[in-house]
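Peer 1: sequence? don't have it. structure:
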């Protein structure tokens, strides 16, 4: 029996569904939400007006706490439009499954102007990802690759 591409896509989405528990710590907090079907990240929102002055680091409150199953992590990433257009970007974006406190989103303003997040504004996006724990083994040598130890810029500009 052959399945259509659409049926396979729907099945893939269903297989990847995960339920997370979100607690509003303030009644006016907004729950994280996906803007579009298939988006990797959920938008997360400011629960109060917060100014991020140029050159400053600020923790923006969200008014929510989340419970992830063991084996998962929340990764906080920029909203690309905010980061590109203003220079305000996220910092410190790993929130482990065992954390039950308020999601405070670390932001730094690398731009030239102060930036105001208004209550209810999208401030970042949260990706829920499985965690892989690795066995760490010390060795005397690593295997050779075509890249070797080439780092920043080692493949040229393009």
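Peer 2: Received, thanks. These numbers come from a predicted model, not from an experiment.
Peer 1: in the chain, which residue is most central in space?
Peer 2: In the chain, the residue lying closest to the centroid (CA atoms, centre = their mean) is residue 76, at 2.4 Å.
Peer 1: partner residues bridging that residue?
Peer 2: residue 126 (DSSP bridges).
Peer 1: my read: it touches residue 124, true?
Peer 2: Yes - contact status for residue 76 versus residue 124: in contact at 5.2 Å, counting by CB atoms under 8 Å. Where you see a C-beta, it was placed from the backbone N, CA and C, and this is true even at glycine.
Peer 1: need the residues touching each of these two.
Peer 2: Counting by CB atoms under 8 Å, 6 or more residues apart in numbering, the common neighbours of residue 76 and residue 124 are 44, 90, 93, 105.
Peer 1: the first one - that's part of a strand, no?
Peer 2: Yes - secondary structure assignment places residue 44 in a strand (DSSP: H, G, I helix; E, B strand; the rest coil).
Peer 1: for it, the count of nearby residues, please.
Peer 2: By the criterion of other CB atoms under 10 Å, residue 44 has 24 neighbours.
Peer 1: thought it was touching residue 123?
Peer 2: Yes - contact criterion CB under 8 Å: residue 44 and residue 123 qualify, at 6.2 Å.
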